[in-house]
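Engineer: no sequence for this one, just the structure:
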């Protein structure tokens, strides 16, 4: 079993760990932290690496927030902007049109809690890859695990470990070269069904 944060269409490395370990426990009892993959992801745009952020509501009077309690700030048109970014970046990719209709409801329906939305993004990926995993959730926060492997540190975007992943064809690699460890969506839109084989057969050195 491995322990991970349920991130927003997280980096490819996260899904490599998931599909190579098969049993995942998602951390939902921790305190929310800024500048993490909990509410950001990176895709390949015509201008290079593009960061997408989900705006959240900060309740300063309440102090620290539990991740499971964090609310999305839907006053911003983030869903429209993110989906448009996918369309602009990946419309020429081999598989974007294949997944577009199934992806659209995530950006057309309103979500109040960040955790609920992130769980839906994981469910989308599992369905797209047609390979379900064993998922559980924490009920309380543990600093050190009594069992399993702790990969919660991978949620920190600013301190992200560099992974030199095996290159695959990307939409704008003729302009900027291979950009490693982008959002899982980059791999899915470029490799389609073969994305599962990529995830299962490229071990990570952590």
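Structural biologist: Nice, thanks for sending it over. Keep in mind it's a predicted model, so treat the numbers as computed, not measured. Numbering: from 1, shown residues only.

Engineer: can you tell me which helix in the protein is longest?
Structural biologist: Across the chain, the longest stretch assigned as helix under DSSP state H is helix 114-129.

Engineer: Could you give the average pLDDT over that helix?
Structural biologist: Model confidence over helix 114-129, given as mean pLDDT, is 97.

Engineer: From the contact counts, what lies against that helix?
Structural biologist: Secondary-structure packing of helix 114-129 (3 or more Cβ pairs under 8 Å, 6 or more residues apart in numbering; DSSP states H and E): helix 96-108, helix 184-191, helix 194-200. (C-beta placed from N, C-alpha, C; glycine too.)

Engineer: and the ones you listed, which is most packed in?
Structural biologist: Highest mean neighbour count among those (mean count of other Cβ atoms under 10 Å): helix 184-191, with a mean of 25.

Engineer: Please verify my assumption that residue 140 contacts residue 29.
Structural biologist: Yes: the pair residue 140 / residue 29 is scored as a contact, 5.2 Å apart, by Cβ atoms under 8 Å.

Engineer: Same drill for the two, tell me which one is more crowded.
Structural biologist: Shown here are residue 140 and residue 29; by other Cβ atoms under 10 Å, residue 29 has more neighbours (14 against 6).

Engineer: surely the more buried one meets residue 141?
Structural biologist: Yes: look at residue 29 against residue 141 with Cβ under 8 Å: they come within range, at 4.4 Å.

Engineer: Can I get the helices and strands packed on helix 114-129 in JSON lines including distance to residue 88 and mean pLDDT?
Structural biologist: Converted to JSON lines, the helices and strands packed on helix 114-129 look like this (distance: least, Cβ to Cβ, whole Å; pLDDT from 0 to 100):
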{"stretch": "helix 96-108", "distance to residue 88": "11", "mean pLDDT": "98"}
{"stretch": "helix 184-191", "distance to residue 88": "12", "mean pLDDT": "98"}
{"stretch": "helix 194-200", "distance to residue 88": "21", "mean pLDDT": "97"}
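
Engineer: Show me which positions of stretch 175-184 end up buried.
Structural biologist: 179, 181, 182, 183, 184 (16 or more other Cβ atoms under 10 Å).

Engineer: Run through who's touching it.
Structural biologist: 9-15, 41-44, 46, 48-49, 52, 125, 160, 162-165, 167-168, 170, 173, 186, 195 (Cβ atoms under 8 Å, 6 or more residues apart in numbering).

Engineer: Relative to residue 192, how far out is residue 128?
Structural biologist: 9 Å (Cβ to Cβ, to the nearest Å).

Engineer: One more: residue 41?
Structural biologist: From residue 41 to residue 192 the distance is 19 Å (Cβ to Cβ).

Engineer: Same question for residue 113.
Structural biologist: For residue 113, the distance to residue 192 - Cβ to Cβ - is 31 Å.

Engineer: How about residue 11?
Structural biologist: Residue 11 is 19 Å from residue 192, where distance means Cβ to Cβ.

Engineer: In terms of packing, which of these two has more residues around it?
Structural biologist: More neighbours surround residue 11 than the other of residue 11 and residue 192, with 25 against 17 (other Cβ under 10 Å).

Engineer: wait, doesn't that one sit right on residue 40?
Structural biologist: No: using Cβ under 8 Å, residue 11 is not in contact with residue 40, being 10.5 Å away.
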